[in-house]
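A.B. asks: this one's sequence-less:
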């Protein structure tokens, strides 16, 4: 039976409580937010300051946040526990809610699996009578918590519809996992062994059963274009990926396609310039229409670096510089980005800026000097881009 709205909440069976007093059972009259997370999960870490705020905001209303670390990656239980405890001490020394640790998978089997929840972070809200009131992302808590507290949420059409949609999505993902697990069983060892023939065979099987799986589609194009360099097969595959990305109006799909053609870290000199630049031009125009430089959308770092490289190789150095600067500025936009991710993304952007300018470039305290070998191999043959 699926765990969802109105289901009795499962028990809390963690191995240790690393922060806060142990919780043996849900106290009637209180509302609990049970959050599944891990230190390696960037969205989980990004959600933690907000959970701190919710605990402060609603503590007088009987709300308690309980974080369950059930997915720490380590060789042993002791190593995982020590790693987690050290991380909490360094990153969140004044945490105001409980943190339980479980390495046995019991909590996963009691909560996540029955609710068809796959990814983390996942938030469960247990109502005052010990029944589930909500399951979803922590970013959704603001919209439902006040309604749960005033008693209007569980009986609402909004709650029932949200839970139906969540269950339908979970069932769809379960069906997809059943299809993809045998494929990954072939693909993973082939990739590790760099046996591209076997890897491509597994990917062809994957694309056949799941043509809308972006990872399968992109990896197939990457292997054909950049590993085995089978351009006769790879270029039509790449062209279809571009066409589908544009038809879907998906910036993520278009960004992944763009990176196959203009990732600054790759040597793309073997790709036919005419086809490459034609696809790059079309993708750039559609991405910038969806997420324009003057718009407030964050996450420009996902697609803008490849767009900048396209402009640079097309001969429009000023436009390339402008695009990189916009991407850097978006890192400080209204949508928060985890600090570790921000630093990871910022370094190649500043390096690209220095390469394009041909001089030292800085953003905040991070600086870079130009490096030799910036891809310009097809520049002379590329159609010049006008601003």
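C.D. replies: Looks like it arrived, so ask away. Being a predicted model, the structure only gives us computed values, none of them experimental.

A.B. asks: switch to C-alpha atoms for all contacts and neighbour counts from now on
C.D. replies: OK.

A.B. asks: now do the contacts for residue 283.
C.D. replies: By CA atoms under 8 Å, 6 or more residues apart in numbering, the contact list for residue 283 reads 242, 246, 254, 258.

A.B. asks: mind running it again at 10 Å?
C.D. replies: When contacts are counted by CA atoms under 10 Å, 6 or more residues apart in numbering, residue 283 touches 242-243, 245-246, 251, 253-255, 257-258, 277, 289, 303, 307.

A.B. asks: just name the closest of those residues to residue 339, please.
C.D. replies: Nearest to residue 339 out of the contacts of residue 283 is residue 303 (CA to CA; 19.3 Å).

A.B. asks: what are the phi and psi values at the closest residue to the closest one other than its chain neighbours?
C.D. replies: Among residues not flanking residue 303 along the chain, residue 255 sits closest, at 4.6 Å (CA to CA, 6 or more residues apart in numbering). Phi and psi for residue 255, reported as degrees, to the nearest 10, are phi -60, psi -40.

A.B. asks: isn't residue 255 right up against residue 299?
C.D. replies: No. Using CA atoms under 10 Å, residue 255 makes no contact with residue 299, being 11.1 Å away.

A.B. asks: neighbour-wise, which of the two wins?
C.D. replies: When neighbours are counted by other CA atoms under 10 Å, residue 255 and residue 299 differ, and residue 255 comes out ahead with 23 against 17.

A.B. asks: can you give me the buried ones in stretch 53-68?
C.D. replies: By neighbour count on 16 or more other CA atoms under 10 Å, the buried set for stretch 53-68 is 54, 55, 58, 63, 64, 65, 66, 67, 68.

A.B. asks: first vs last residue of that stretch, how far apart are they?
C.D. replies: 18 Å (CA to CA, to the nearest Å).

A.B. asks: what mean pLDDT does that stretch get?
C.D. replies: For stretch 53-68, mean pLDDT rounds to 96.

A.B. asks: hang on, the earlier thing: for the residue nearest to residue 303, give me its contacts.
C.D. replies: When contacts are counted by CA under 10 Å, 6+ apart, residue 255 touches 242, 245, 283-284, 287, 300-307.

A.B. asks: surely residue 100 is in a strand?
C.D. replies: Yes. Assigned with DSSP: H, G, I helix; E, B strand; the rest coil, residue 100 falls within a strand.

A.B. asks: show me this protein divided up by domain.
C.D. replies: The chain breaks down into these domains under automatic domain parsing: 16-155, 234-381.

A.B. asks: quick one: the last one to chain centroid distance?
C.D. replies: Distance of domain 234-381 from its chain centroid, counting by CA atoms, centre = their mean, to the nearest Å, is 18 Å.

A.B. asks: so for it, what's the average pLDDT?
C.D. replies: Mean per-residue pLDDT for domain 234-381: 89.

A.B. asks: repeat that for stretch 6-23.
C.D. replies: Average pLDDT, stretch 6-23: 96.

A.B. asks: how long is it from one end to the other?
C.D. replies: Using CA to CA, the end-to-end distance of stretch 6-23 comes to 22 Å.

A.B. asks: so for it, what gets flagged as buried?
C.D. replies: Within stretch 6-23, the residues scored as buried using 16+ other CA under 10 Å are 6, 9, 10, 12, 13, 14, 15, 17, 18, 19, 23.

A.B. asks: residues in contact with the residue nearest to residue 153 when sequence neighbours are not counted?
C.D. replies: Closest residue to residue 153 apart from its sequence neighbours, by CA to CA, 6+ apart: residue 147 at 5.0 Å. Taking CA under 10 Å, 6+ apart as the criterion, residue 147 is in contact with 153, 154, 156, 159.

A.B. asks: list buried residues within those.
C.D. replies: Buried members of these, counted by 16+ other CA under 10 Å: 153, 154, 159.

A.B. asks: contacting residues around stretch 162-172?
C.D. replies: Residues outside stretch 162-172 that contact it (CA under 10 Å, 6+ apart) are 2-5, 113, 115-118, 133-136, 157-158, 160-161, 173-177.

A.B. asks: ok, now with 6 Å
C.D. replies: Applying CA atoms under 6 Å, 6 or more residues apart in numbering, the set of residues contacting stretch 162-172 from outside is residue 116.

A.B. asks: buried set for that stretch?
C.D. replies: So for stretch 162-172, counting by 16+ other CA under 10 Å, buried means 163, 166, 167, 170, 171.

A.B. asks: and for stretch 111-123?
C.D. replies: Across stretch 111-123, burial judged by 16+ other CA under 10 Å covers 111, 112, 115, 116, 117, 120, 121, 122, 123.

A.B. asks: helix, strand, or coil at the fourth one?
C.D. replies: Read that as residue 116. Judged by three-state DSSP, the three-state class of residue 116 is coil.

A.B. asks: ok, now which ones touch it?
C.D. replies: Going by CA under 6 Å, 6+ apart, residue 116 touches residue 170.

A.B. asks: right, and the helix or strand after the longest helix anywhere in the chain?
C.D. replies: When the chain is scanned for its longest helix (criterion: DSSP state H), the result is helix 157-192. Per DSSP states H and E, the first helix or strand lying C-terminal to helix 157-192 is helix 196-209.

A.B. asks: so what touches that following helix?
C.D. replies: For helix 196-209, contacts defined as CA under 6 Å, 6+ apart pick out 183, 187, 190.

A.B. asks: could you check how far the first one is from residue 284?
C.D. replies: When distance is defined by CA to CA, residue 183 is 33 Å away from residue 284.

A.B. asks: what does the second one give?
C.D. replies: When CA to CA is the yardstick, residue 187 and residue 284 sit 31 Å from each other.

A.B. asks: on that earlier part again, any idea which of the contacts of residue 255 is closest to residue 342?
C.D. replies: For the contacts of residue 255, the nearest to residue 342 is residue 301 (9.5 Å; CA to CA).

A.B. asks: my guess is that closest one contacts residue 328. True?
C.D. replies: No. Contact criterion CA atoms under 6 Å: residue 301 and residue 328 do not qualify, at 7.4 Å.

A.B. asks: the two - which one has more neighbours?
C.D. replies: Neighbours were counted for residue 301 and for residue 328 using other CA under 10 Å; residue 328 has more, 24 against 21.
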